[in-house]
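Chemist: just the structure for this:
(2 chains)
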2 protein chains.
Amino acid sequence: MPSQAANLIWVNGAPADAVSALERGLHYGDGLFETMACTGGEVRLLARHLARLARGCGRLAIAAPDPQALARELSVLAAGQGRCILKLILTRGPALARGYGYGAGQVPTRVVLRYPWEGPAADPAAGVRVRIARLRLAENPATAGIKHLNRLEQVLARAEWDDPQIAEALLFSRGGALISGTMSNVFLVRGMTVQTPRLDLCGVEGIMREVVMEVARDCGLALEERVLVQGDVDAAEEMFLTNSLTGIRRVGVIEARTLTGAAVGRRLQAALARAGAA
Amino acid sequence: MPSQAANLIWVNGAPADAVSALERGLHYGDGLFETMACTGGEVRLLARHLARLARGCGRLAIAAPDPQALARELSVLAAGQGRCILKLILTRGPALARGYGYGAGQVPTRVVLRYPWEGPAADPAAGVRVRIARLRLAENPATAGIKHLNRLEQVLARAEWDDPQIAEALLFSRGGALISGTMSNVFLVRGMTVQTPRLDLCGVEGIMREVVMEVARDCGLALEERVLVQGDVDAAEEMFLTNSLTGIRRVGVIEARTLTGAAVGRRLQAALARAGAA
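Modeler: So this is what the prediction gives:
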């Protein structure tokens, strides 16, 4: 999927192309984001995105925006677009004073960026090529799970390769656990068991991950959310990546190993399509 | 020291109050910062700040600004001010496309904010009160040491208390090592030995820390930069915090324990003053 420049930006509900230089989002990464797929003028899985944003606000003690007002704003931006991507950034707002501390007067900043969403160039069934990142993710339960703006690890891991044939890198934690891709969650399949990493020490609890976990259970598959290590990756017969834009993407090659398994991912993909989720 | 609002902001060399909403500094915390003390129109320890910035740029593969041009710009902002604080933020620049990846065309953004610098209200010899943060710092050699913009951990640790009598919190790593304060480095003293934590897994290599380490060696003190744990904190006869604005600040109380030792910190403070560093 080619990445393209934003074609529309709103800041706090109005067209704008800039934010305050005092933004705590800039100074500290003190905020959250959501990346949403839009089709036919509708934001896919909107309620789930808003719920995750609210959970993140709770964790960071940022005043959560009114979900109905935010939903209306996103709908206005998605309207009339065939397919597009909306990225929402919500920060604690401009700093009222110097330093990490903040008082009760913080007013959050809301940035929504709209990007074109090109269709996938390749056959989704073909399977993508994936590498293992050298960078290991740091572990911190205080920031794990939420989609916050401290993403330097992802930037550094993504900078490890520039081969356009490689779609993603798998990241392990400092402790040796499989966590995710740089911009996706990961699932392993063994027999009729679907496995995905626990994200209580690092990683982002993806919306598509959540949907796929539910759909897998609905399909009668055994679903394990647990600590997974390199040995589990090696033992997987099938592997797929998820995010809100790509849905389920089968991994065809991981480093030097070819994975031929595809049946479970295909079954889940069909179930997602029936549910209107991807 | 009261924190006050910025009274002057320059973006890329000219007065401005905003940055692009596409800033990778905002989206990912993809950048670095420096906080500099200015007195008599001069930026203190400027060469060291510029050198650390260049090291950070090297680590993040951000094009480093020309140090002479940057020094001139900072000097213009400091000129005519009795005392002030300059905060420099250097990011990888506005994103040219969506996603963590970046190409060769990135042009870094330079934000310089000038803040008033009020004198310390309290007697510096009195000693400050310090707590131990509940939050533990994540460990990652890929981001350790540099003053990058991913500071959510510091924001969360600073939000743990609002008692104005408490000046700082000490942070330990996930692995149980003493690392730093939220906005300072830490030194322990036992006899004629001065100890400061290794920062190869987390923490920021402070400019004042660097100067104090040199001055301690020059004073004939034994200087240990190593892994320190809670037991070392408990065994310390004297403890002090450092940063570029406060120089050396003696810790008078840590949690329930009173620390009376002050001699080594006082000696180093005098040496810093002679060197014109604080």
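Chemist: A:Gln4 is in contact with B:Ala97, isn't it?
Modeler: Yes. Judged on CB atoms under 8 Å, A:Gln4 makes contact with B:Ala97 at a distance of 6.1 Å. For glycine as for every other residue, the C-beta is placed from the backbone atoms N, C-alpha and C.
Chemist: pretty sure A:Leu228 is in a helix, no?
Modeler: No. Assignment of A:Leu228 by DSSP: H, G, I helix; E, B strand; the rest coil gives coil, placing it outside any helix.
Chemist: on that earlier part again, what sits in contact with each of A:Gln4 and B:Ala97?
Modeler: Counting by CB atoms under 8 Å, 6 or more residues apart in numbering or on different chains, A:Gln4 and B:Ala97 have no contacts in common.
Chemist: what's across from the nearest residue in space to A:Leu90 that is not next to it in sequence in the sheet?
Modeler: For A:Leu90, ignoring the flanking residues on the chain, the nearest one in space by CB to CB, 6 or more residues apart in numbering or on different chains is A:Leu32 at 5.1 Å. Here A:Leu32 sits in beta bridges with A:Leu90, A:His148, going by DSSP bridges.
Chemist: just give me the neighbour total for A:Leu32.
Modeler: Neighbour count of A:Leu32, defined by other CB atoms under 10 Å in any protein chain shown: 26.
Chemist: which residues does it contact?
Modeler: A:Leu32 makes contact with A:53, A:56-57, A:60, A:62, A:89-91, A:146-149, according to CB under 8 Å, 6+ apart.
Chemist: buried among those residues? Make that a PyMOL selection.
Modeler: Buried residues among the contacts of A:Leu32 (16 or more other CB atoms under 10 Å in any protein chain shown), as a PyMOL selection:
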select buried, chain A and resi 53+56+57+60+62+89+90+91+146+147+148+149
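Chemist: nearest to B:Leu201, of the contacts of A:Leu32?
Modeler: Taking CB to CB as the measure, B:Leu201 lies nearest A:His148 of the contacts of A:Leu32, at 20.6 Å.
Chemist: the closest one against B:Arg151, yeah?
Modeler: No. Under the criterion of CB under 8 Å, A:His148 makes no contact with B:Arg151, lying 11.0 Å away.
Chemist: find residues that contact each of these two.
Modeler: Residues touching both A:His148 and B:Arg151 (CB under 8 Å, 6+ apart) are A:Gly29.
Chemist: ok so, going back, and the gap between the residue nearest to A:Leu90 and A:Leu26?
Modeler: 14 Å (CB to CB, to the nearest Å).
Chemist: just A:Gln81 next, same as before
Modeler: 28 Å.
Chemist: so between the two, which is more surrounded?
Modeler: Per other CB under 10 Å, whichever of A:Gln81 and A:Leu26 has more neighbours is A:Leu26, with 31 against 19.
Chemist: neighbouring contacts of the helix or strand where the more buried one lies?
Modeler: Assigned by DSSP states H and E, A:Leu26 belongs to helix A:24-28. Contacts to helix A:24-28, defined as CB under 8 Å, 6+ apart, come from residues A:19, A:30-31, A:89, A:91-95, A:100, A:102, A:106, A:109, A:149, B:19, B:23, B:25-26, B:29, B:33, B:89, B:91, B:111, B:149-152, B:154-155.
Chemist: the biggest helix by length in chain A: how far from the chain's middle?
Modeler: Counting residues, the longest helix found in chain A (DSSP state H) is helix A:46-60. From the chain centre to the centre of helix A:46-60 is a distance of 13 Å (CA atoms, centre = their mean, to the nearest Å).
Chemist: who's in contact with it?
Modeler: By CB under 8 Å, 6+ apart, the residues outside helix A:46-60 that reach it are A:30-32, A:34, A:36, A:43, A:62-65, A:67, A:70-71, A:74, A:88, A:90, A:92, A:145-148, A:205, A:207, A:210-211, A:244, B:152, B:155-156.
Chemist: now with 7 Å, please.
Modeler: Helix A:46-60 is contacted from outside by A:32, A:34, A:36, A:63-64, A:67, A:70-71, A:74, A:90, A:146-148, A:207, A:210, using CB atoms under 7 Å, 6 or more residues apart in numbering or on different chains.
Chemist: closest one of those residues to B:Val215?
Modeler: A:His148 (38.0 Å).
Chemist: pretty sure that closest one is touching B:Leu152, no?
Modeler: Yes. In this structure A:His148 lies within contact range of B:Leu152 using CB atoms under 7 Å: 5.7 Å.
Chemist: which neighbours do these two share?
Modeler: By CB under 7 Å, 6+ apart, A:His148 and B:Leu152 have these common neighbours: A:Gly29.
Chemist: near chain B, which residues of the stretch 1-150 of chain A show up?
Modeler: Taking CB under 7 Å from any CB of the partner chain as the criterion, the stretch 1-150 of chain A approaches chain B at residues A:3-6, A:9, A:11, A:16-23, A:25-30, A:61, A:89, A:96-101, A:111, A:113, A:115, A:135, A:138-140, A:142-143, A:148-150.
Chemist: picking up where we left off before, CA atoms of the helix holding A:Leu26 as CSV?
Modeler: Presented in CSV, the C-alpha positions along helix A:24-28 are these (Å, rounded to 0.1, in the frame of the first residue of the first chain):
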residue,chain,number,x,y,z
ARG,A,24,2.7,18.5,24.7
GLY,A,25,2.2,16.1,21.8
LEU,A,26,5.3,17.5,20.2
HIS,A,27,7.3,18.1,23.4
TYR,A,28,6.7,14.7,25.1
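Chemist: buried residues, it. List them.
Modeler: Here helix A:24-28 shows A:24-28 as buried, counting by 16+ other CB under 10 Å.
Chemist: do you know how far A:Asp181 is from B:Leu156?
Modeler: Quick fix: residue A:181 is Gly, not Asp. Going from A:Gly181 to B:Leu156 by CB to CB gives 26 Å.
Chemist: same thing with A:Glu237?
Modeler: 40 Å.
Chemist: give me the below-cutoff pLDDT ranges for the stretch 1-150 of chain A.
Modeler: A:1-3, A:120-125 (pLDDT under 70).
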